[in-house]
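**Q** Generate a structure from the sequence data that follows.
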Amino acid sequence: MTHPTLRRLLSITLLSLLAACGGGGGGGGDSKTGSTQNPDVSVVPPAITAPGTSPGDTIPPPPLTTPPAKQTATFTRPEASRFLGRATFGPDMAAIDALVASDSDVWFRAQFSKPQTLHRKYIDAKYSAAGAVATKAVPNDFYESFWQQAVRGDDQLRQRVAFALSEIFVVSTQNEAVWPQTRGVASYYDMLGQQAFGNFRTLLQGVATHPMMGLYLSHLRNQKEAATRTPDENFAREVMQLFTIGLYQLNADGSLKLSGGKPIDTYTRDDVSGLAKVFTGWSWAGPDQAANRFYGSVADPDRDWKPMQNYAAFHSTSEKRFLGVSAAGAGGGEADMALALDTLFNHPNAGPFFGRQLIQRLVSSNPSPAYVGRVAAAFANNGSGVRGDMQAVIRAVLLDPDALAPAGTSLRTGKLREPLVRLGNWMRAFNAKDAALQYRIYYLSDPLSGLGQNPMNAPSVFNYFRPSYVPPNSALATAGLVAPEMQITSEPSVTGYLNFMQDAIRGGVAESRAVRADYSAELALADQPAALLERVNLLLMSGNMSSRLRSKIVSAVTSIAIPAASGSNAAQVTTAKTNRVHLAIFLAMASPEYLVQK
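**A** Now for the predicted structure:
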């Protein structure tokens with residue numbers, strides 16, 4: 001497929017779109033430590049004990065709300081494609097037809113029951129010799145396993161939600177301490193996948209005690225205070241700011257609580273200091289609590305994936321006050337952590353704060369307060385009085401009336417598809433496979449030669465993009481809306497995406513172009529441009545392609561003449577049909593209508 005004029009025109013069009021939206025790259029935070037700065041608080045309010053509790057009690061959960069009524073949806077083919085475009089790494093025709101013949105309840109029950117395949121087991125099998133994993137495994141090995149499962153995995157809902165969670169509870173191989181720990185990174189992702197269908201409290205425990213998070217946010221080997229030392233505050237700050245409750249107090253629908261017209265802080269500098277003491281004494285797992293194991297010179301062979309343990313000799317025994325509660329000095333490390341995580345879990349911000357982020361990752365960058373409120377209600381009560389049921393939250397996110405409403409055209413609806421998801425969409429829609437089952441898709445981070453994104457390789461703890469990112473000088477900014485994925489959208493990334501996808505559609509991806517699409521169904525329609533485009537439209541755009549775009553692509557596809565078949569020109573006929581298919585897919589995936597998931 002070589003149409004340089006079309007490609008230049010598309011580049012100009014997309015760059016014009018980019019300028020209009022105000023997209024621009026740039027992240028924040030320290031890519032080596034993942035640290036962030038606590039907001040400046042000039043006046044620190046006193047600690048407040050929750051009503052009906054004493055300082056030693058955890059904050060009780062908010063009163064149970066009425067959860068959204070359990071909903072079972074049925075789907076047309078375009079509706080099924082749209083639903084699967086959010087709930088999975090993308091639809092294929094078989095998945096669309098299966099969902100149309102069933103309903104959402106059957107689909108969810110099947111997805112929730114599918115077994116998990118562990119990325120760590122893939123890496124262990126690849127380096128089966130004793131001790132080989134620690135010395136030979138590299139991040140590329142995780143990428144192989146990631147793409148095998150993301151594209152070919154039968155448990156598509158788990159795959160998609162785990163990826164979303166990895167962008168909320170960030171661990172990154174850009175951190176120098178994390179980079180060598182390939183099996184540990186794989187097991188961290190496994191933990192997110194395992195807890196994706198469990199309870200948010202258990203997910204929080206898994207995040208807080210995983211050694212990769214301990215390395216990334218530096219609470220592994222964190223020591224109690226001394227005359228010349230204060231406990232590391234990195235994880236204490238981020239577990240509040242980014243993982244659970246956020247910077248400001250929220251109403252149940254995610255809107256800000258205000259006092260005197262200003263937001264109310266959720267925590268203070270003293271809360272960070274108090275919580276930092278909780279996360280002291282945690283270090284590598286092992287059969288004892290010896291100092292040399294704490295420091296790491298004596299290593300358990302599975303310490304990279306086993307949850308951290310608490311070493312009493314290094315854990316703070318002083319009183320720890322945070323968020324209106326107090327941990328007694330002699331409670332012990334495990335009890336202190338349980339109190340801290342219970343307090344965060346039961347905080348009234350937890351449901352709307354986490355729910356909004358999950359909506360942003362799967363459905364819409366700017367969910368309405370009512371949408372956030374309904375998801376937060378499902379977080380608070382799954383219908384059986386259980387708080388934090390992830391299955392209930394996922395159902396609420398994907399089946400909300402706002403999510404199922406017909407695709408709108410306002411700025412508020414939808415989200416920009418992030419580059420990795422676009423690649424997954426293409427691979428699943430057109431059955432792209434690696435005959436050797438290796439999926440060696442490695443070098444995606446460069447925005448010019450790749451996609452500007454790789455799994456588990458974000459530049460900071462804020463992920464590749466912040467949930468609150470606003471493209472400057474844009475219509476979105478004027479409307480008071482956010483577009484997180486626009487933070488990694490720039491002139492180089494737009495051009496790089498066009499070049500990357502043109503090459504992928506034509507020749508495949510991965511090392512030696514080993515991952516190639518199967519276009520046999522599309523080639524059968526190549527002499528029927530309208531029918532070909534309807535298939536592409538259903539697979540990539542949920543049938544929502546505008547008549548204007550459809551007309552333009554059909555015209556471009558038709559301009560590629562298919563010679564009349566004769567006994568000697570079979571190769572030319574095949575080439576023309578193939579070019580038609582490639583062009584139809586490329587123009588669809590390059591269009592703003594595809595890039596913005598509605």
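**Q** from here on, contacts and neighbour counts on C-alpha atoms
**A** OK.
**Q** Not including adjacent chain positions, what is the nearest residue to the residue nearest the centre of the chain?
**A** Residue closest to the average C-alpha location in the chain (CA atoms, centre = their mean): Ala164, at 2.2 Å. Leaving aside its sequence neighbours, Ala164 sits nearest to Arg361 (CA to CA, 6 or more residues apart in numbering; 5.8 Å).
**Q** Where does that neighbour fall, secondary structure wise?
**A** helix 350-362 (DSSP states H and E).
**Q** How about residues contacting that helix?
**A** With contacts defined as CA atoms under 8 Å, 6 or more residues apart in numbering, helix 350-362 is touched by 86-87, 164-165, 168, 243-246, 250-254, 344, 365-367, 372-373, 375-377, 379-380, 388, 393, 397-398, 415, 467.
**Q** Tell me which residues touch the residue nearest to the centre of the chain, please.
**A** Leu358, Arg361, Leu362.
**Q** before we move on, the earlier item: can you flag which of the contacts of helix 350-362 belong to helices?
**A** Judged by DSSP state H, the contacts of helix 350-362 include 86-87, 164-165, 344, 372-373, 375-377, 379-380, 393, 397-398 as members of helices.
**Q** So which of those wins on neighbours?
**A** Val375 (32 neighbours; other CA atoms under 10 Å).
**Q** is it true that that one touches Val397?
**A** Yes - contact between Val375 and Val397 holds when scored by CA atoms under 8 Å: they sit 6.1 Å apart.
**Q** Which SSE is immediately downstream of the longest helix seen in the chain?
**A** The helix that spans the most residues within the chain, counting by DSSP H, is helix 570-590. Scanning forward in sequence from helix 570-590 by DSSP H and E, the next helix or strand is helix 592-595.
**Q** next SSE after that next one?
**A** strand 596-597.
**Q** Tell me the spacing between Ala330 and Pro307.
**A** Ala330 is 22 Å from Pro307, where distance means CA to CA, to the nearest Å.
**Q** Equivalent analysis for Ser145, please.
**A** The value you get for Ser145 to Pro307, if CA to CA is used, is 22 Å.
**Q** re earlier: what's the closest of the ones in helices among the contacts of helix 350-362 to Met212?
**A** Leu165 (14.9 Å; CA to CA).
**Q** okay, that closest one: pLDDT?
**A** pLDDT, Leu165: 98.
**Q** now the one 4 residues further on
**A** At Phe169, the model reports a pLDDT of 98.
**Q** mind listing the strands for this structure?
**A** With DSSP state E as the criterion, the chain has strands at 258-259, 262-263, 282-283, 309-310, 320-322, 325-327, 415-416, 433-434, 515-516, 596-597.
**Q** quick one, which of the ones you listed is packed in tightest?
**A** Mean neighbours per residue, mean count of other CA atoms under 10 Å, is largest over the strands of the chain for strand 282-283, with a mean of 28.
**Q** Give me the packing partners of that strand, helices and strands only.
**A** Judged by 3 or more CA pairs under 8 Å, 6 or more residues apart in numbering; DSSP states H and E, strand 282-283 is in contact with helix 291-295, strand 309-310.
**Q** sorry, back to before: just checking, what packs against the longest helix of the chain?
**A** Against helix 570-590 (3+ CA pairs under 8 Å, 6+ apart) you get helix 491-507, helix 520-523, helix 529-541, helix 547-558.
**Q** Name the surrounding residues that touch that helix.
**A** Outside helix 570-590, the residues that reach it (CA under 8 Å, 6+ apart) are 1, 10, 498, 501-502, 505-506, 519, 522-523, 526-527, 532-533, 536-537, 540, 553-554, 556-558, 560-565, 594-595.
**Q** out of those, which are buried?
**A** Burial by neighbour count, judged by 16 or more other CA atoms under 10 Å, picks out 1, 10, 498, 501-502, 505-506, 519, 522-523, 526-527, 532-533, 536-537, 540, 553-554, 556-558, 562, 594-595 from the contacts of helix 570-590.
**Q** okay, and for the protein, where does confidence drop off?
**A** 1-60, 64-68, 409, 411 (pLDDT under 70).
**Q** if we go to 90?
**A** For the chain, the stretches with pLDDT under 90 are 1-71, 128-136, 327-331, 407-413, 566-567.
**Q** returning to that earlier point: so how far is Leu157 from the residue nearest to Ala164?
**A** 13 Å.
**Q** Same question for Val581.
**A** 29 Å.
**Q** now Ile359
**A** Ile359 is 14 Å from Leu157, by CA to CA.
**Q** Equivalent analysis for Ser145, please.
**A** Taken as CA to CA, the span from Ser145 to Leu157 is 17 Å.
**Q** the more surrounded of those two?
**A** Legend: neighbour count by other CA under 10 Å for Ser145 and Leu157, higher for Leu157 (26 against 23).
**Q** ok, the more buried one - contacts?
**A** Ala87, Thr88, Gln111, Phe112.
**Q** okay if I get the residues you listed as a markdown table plus distance to Pro471?
**A** Shown next, in a markdown table, are those (distance: CA to CA, whole Å):
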| residue | distance to Pro471 |
| --- | --- |
| Ala87 | 26 |
| Thr88 | 27 |
| Gln111 | 36 |
| Phe112 | 37 |
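**Q** Name the nearest of the residues you listed relative to Asn175.
**A** Thr88 (28.6 Å).
**Q** For the closest one, the count of nearby residues, please.
**A** Thr88 is flanked by 22 other residues according to other CA under 10 Å.
**Q** Pretty sure it sits against Arg160.
**A** Yes - counting by CA under 8 Å, Thr88 does reach Arg160; the two are 5.1 Å apart.
**Q** Deepest in the core, which of the helices and strands packed on strand 282-283 is it.
**A** strand 309-310 (a mean of 23).
**Q** And it, what does it pack against?
**A** Contacts defined by 3+ CA pairs under 8 Å, 6+ apart place strand 309-310 against strand 282-283.
**Q** so what strands line up beside the strand it packs on?
**A** Strand partners for strand 282-283, identified by DSSP bridges, are recorded as strand 309-310 (antiparallel).
**Q** Which residues does the partner strand contact?
**A** Thr209, Thr280, Gly281, Trp282, Ser283, Trp284, Ala285, Gly286, Gly333, Glu334.
**Q** Now restrict these to buried residues only.
**A** Of the members of the contacts of strand 309-310, the ones counted as buried by neighbours, 16+ other CA under 10 Å, are Thr209, Thr280, Gly281, Trp282, Ser283, Trp284, Ala285, Gly286, Gly333, Glu334.
**Q** Tell me which two in those residues are the farthest apart.
**A** Pairwise over the buried ones among the contacts of strand 309-310, using CA to CA, the maximum falls at Thr280 and Gly286, 16.9 Å.
**Q** What backbone torsions are found at the closest residue to Tyr267 other than its chain neighbours?
**A** With sequence-adjacent residues excluded and distances taken as CA to CA, 6+ apart, Tyr267 is closest to Leu323, at 6.5 Å. In terms of degrees, to the nearest 10, the main-chain angles of Leu323 are phi 50, psi 40.
**Q** pretty sure Leu323 is touching Arg269, no?
**A** No - using CA under 8 Å, Leu323 makes no contact with Arg269, being 10.7 Å away.
**Q** more neighbours, these two?
**A** For Leu323 and Arg269, the more surrounded residue by other CA under 10 Å is Leu323, and the numbers stand at 24 against 17.
**Q** Report the separation between the more buried one and Thr343.
**A** Using CA to CA, Leu323 is found at 8 Å from Thr343.
**Q** Cheers, nothing more for now.
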